[in-house]
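> build me a structure from this.
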Amino acid sequence: MSEEDYIPEIDNDFDEYEEDIKKEEIKKKQLSLLKNLFEDGGLRTENILEIQMILKLIDESEANDNMKLQMGKCLEMIINLANQYLNVLHESGSI
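Got it, this is the predicted structure:
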């Protein structure tokens, strides 16, 4: 290969650096949102529209009453686990 054919490789370290900065910014925003959610008392049916909508969908579904009850208990368990996760993050000092 002659010197004229040589094409130097472009150093992409700057792109990786920018990507790392973006990831850190996203992580900080996520932790901030989790902290705010924890300070507001965690996930509660009364103050989160999406949970209210899921409950309405369960209530209006064509499933029998036993199945609706099981779906409601499943949603309740998910909410409780999410709140426990917020507590663990808080106690560990992450948020």
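> chain center to the lowest-mean-pLDDT helix or strand in the chain, what's the gap?
In the chain, no helix or strand scores lower on mean pLDDT, DSSP states H and E than helix 13-39, which sits at a mean of 87. Remark: helix 13-39 is offset 12 Å from the chain centroid, using CA atoms, centre = their mean, to the nearest Å.
> stretch 55-71 now?
In terms of CA atoms, centre = their mean, the centre of stretch 55-71 is found 26 Å from the chain centre.
> average pLDDT across it?
Mean pLDDT, stretch 55-71: 96.
> just to revisit the earlier point, packing partners for the following helix or strand past the least confident helix or strand of the chain?
Remark: after helix 13-39, the chain's next helix or strand is helix 49-60, criterion DSSP states H and E. Helices and strands touching helix 49-60, by 3 or more CB pairs under 8 Å, 6 or more residues apart in numbering; DSSP states H and E, are helix 65-92. Every C-beta, even on glycine, is put in place using the N, C-alpha and C of the backbone.
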